[in-house]
Every structure is written in C-alpha cells, then in structure tokens.
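# Show me the folded form of this:
(one chain, ligands or ions: 1)
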Amino acid sequence: MEEREISQAVIRRLPRYYRYLGELLEDNVERISSNELSRRMQVTASQIRQDLNNFGGFGQQGYGYNVKYLYTEIGKILGLDIDHNMIIIGAGNLGQALANYTSFEKRGFIFKGIFDVNPRLSGVSIRGVPIRMMDELKEFINEHNIDIAVLTIPKTKAVDVANLLVDNGVRAIWNFAHTDLDLPENVIVENVHLSESLMRLSYNLSRYNKEHIE
Ligand code: NAI
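Next up, the predicted model:
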C-alpha cells in the first residue's frame, strides 16, 4: 500500500470504523455499502469514502466493502495485527480499574504487570497479576518485552516515572496523569483526559438547553 501522510482527524476516526466493522463481523455480515455503513455510523457516505480512500479505498463499485477485509486492513493500519505488552504504573483506583478491564486483550494489548510504590499493595493480585514494587520495574521491562506503559500516578510523579520508563526502553506511554510529558521524539505519548470529554458533554447539554428549553 502506498505510504502517505494521513491526517490526525482521519486517524481519530479509524478506531470507530474498526469497532463498527467488528460488530458487523460478529453479526456475520460479509459486505456493506458505504451508504449502509454511513446510516449506522451517522457519518456521511462521502466522508467514509474519503477516509478510506486515504488507504487505497478498499471498496468495489457496486459491491461495497468486504467487512472482514476492511476490518483486517484497518486493524493493520492501527497496528493491531501485532500484540503489545503493557504495564500499568500506579495501582490506585484508575490503575486497578484499567487492569480489570479484559477487553484490551481482545485488541492485542496484553496486560503483563502493574507497579506501585505503596508497600501495602505489594503482592495484591489483579486478575492473577501481582502488584509489584517499582524496584522490580527495570528487570521486568527487559524480561517481558514491554512496549506500552500506562501512567495512572499523581501528576507530580509523572515526569520522573516517564523518564525512568523511557530510559528502560518503553516506547509508548498512555498518559492519564494530567501533565504534559516532554520526551524524546521516538517515544509516542497519548494523553487521556476524561474530564475533557465530560466538558464536551456539558457544552452540548447546555447548548441543547439554550436552543430547546430556555
Ligand atoms: P489513586 O491515588 O487511587 O492512585 C494513584 C496510585 O499511584 C497510588 O496507589 C500511589 O501509591 C501510586 N503512586 C504514587 N507515586 C507513584 C510512583 N512514583 N510510582 C508508582 N506508583 C506511584 O489515584 P487514581 O484515582 O487512581 O488516579 C491516578 C491518576 O490519574 C491521578 O493523577 C489522577 O488525577 C489521574 N486521573 C486521570 C483521569 C484522566 O481522565 N486522565 C481520570 C481519573 C484520574
């Protein structure tokens, strides 16, 4: 497939295509027209065609999209065709909740370990994985070929811990701590802020109220 720069807006939409196609596959749907996909996803058919044209189209005139093929190809684009070993740093409320979520594994994100500094948590097991102390981190990363670390620690600790992870070879950080990380270019960071999503919800709610109620 021809390599070209894909806009971040398109990349942001791909996981949603992937999710819908996964559901279609589960329902044994073999092919789907862009119009039908558009109806289900509430995205215009031309947007779908435009998005998928970035990757060479995948569709056939008069046939639509082959669901399995499209699902597999988008999976490859998203890097989901290979497994990623993942560790969680910070075994508090959020860290434990993420560790308990089994569906990441279905997408190839394998939960290998969880770390904390609180000795009271040492050895407590989550889905059969013991919480380890940070002094075991270095060896663990090397032994288990960890490429993704999830940061669920206080923001005051995030920068130091991120640097430690990078020094030990971690290449990608899923950062929940509310702070920006200044890391080398070859380290990929995805920041997650649930409160931003909540603020968008609040905005849409107040806009709706203004238009329909007040
Ligand atoms: P928590 O207090 O329950 O857990 C934090 C854990 O990190 C504790 O177990 C603590 O011992 C551990 N920890 C502290 N320093 C550490 C270090 N240097 N190395 C390893 N572990 C360390 O807090 P909670 O509720 O789980 O939140 C965790 C973080 O995620 C906080 O920074 C919070 O603000 C943030 N958060 C972010 C959200 C988002 O949408 N981005 C949503 C909710 C929380």
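
# Could you pull out the buried residues of the longest strand along the chain?
The residue-count maximum for a strand in the chain (DSSP state E) belongs to strand 109-116. Under the neighbour-count criterion of 16 or more other Cβ atoms under 10 Å, strand 109-116 has 109, 111, 112, 113, 114, 115, 116 buried. Every C-beta, even on glycine, is put in place using the N, C-alpha and C of the backbone.

# And for stretch 79-88?
Buried residues in stretch 79-88 (16+ other Cβ under 10 Å): 80, 84, 85, 86, 87, 88.

# Could you grab the helix/strand/coil label for the third one?
The three-state label given to residue 85 by DSSP: H, G, I helix; E, B strand; the rest coil is strand.

# ok, now how distant is it from residue 108?
The gap separating residue 85 from residue 108 is 10 Å, by Cβ to Cβ, to the nearest Å.

# Quick one: list the elements packing against the longest strand of the chain.
strand 84-89, helix 93-99, strand 129-133, helix 137-144 (3 or more Cβ pairs under 8 Å, 6 or more residues apart in numbering; DSSP states H and E).

# where along the protein do the strands fall?
Going by DSSP E, the chain shows strands at 31-32, 65-66, 84-89, 109-116, 125-126, 129-133, 148-151, 172-175, 188-191.

# Need the buried residues of stretch 79-88 in JSON lines (columns: distance to the ligand and pLDDT).
Shown next, in JSON lines, are the buried residues of stretch 79-88 (distance: Cβ to the nearest ligand atom, whole Å; pLDDT from 0 to 100):
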{"residue": "80", "distance to the ligand": "23", "pLDDT": "94"}
{"residue": "84", "distance to the ligand": "20", "pLDDT": "96"}
{"residue": "85", "distance to the ligand": "18", "pLDDT": "97"}
{"residue": "86", "distance to the ligand": "15", "pLDDT": "98"}
{"residue": "87", "distance to the ligand": "11", "pLDDT": "98"}
{"residue": "88", "distance to the ligand": "9", "pLDDT": "98"}
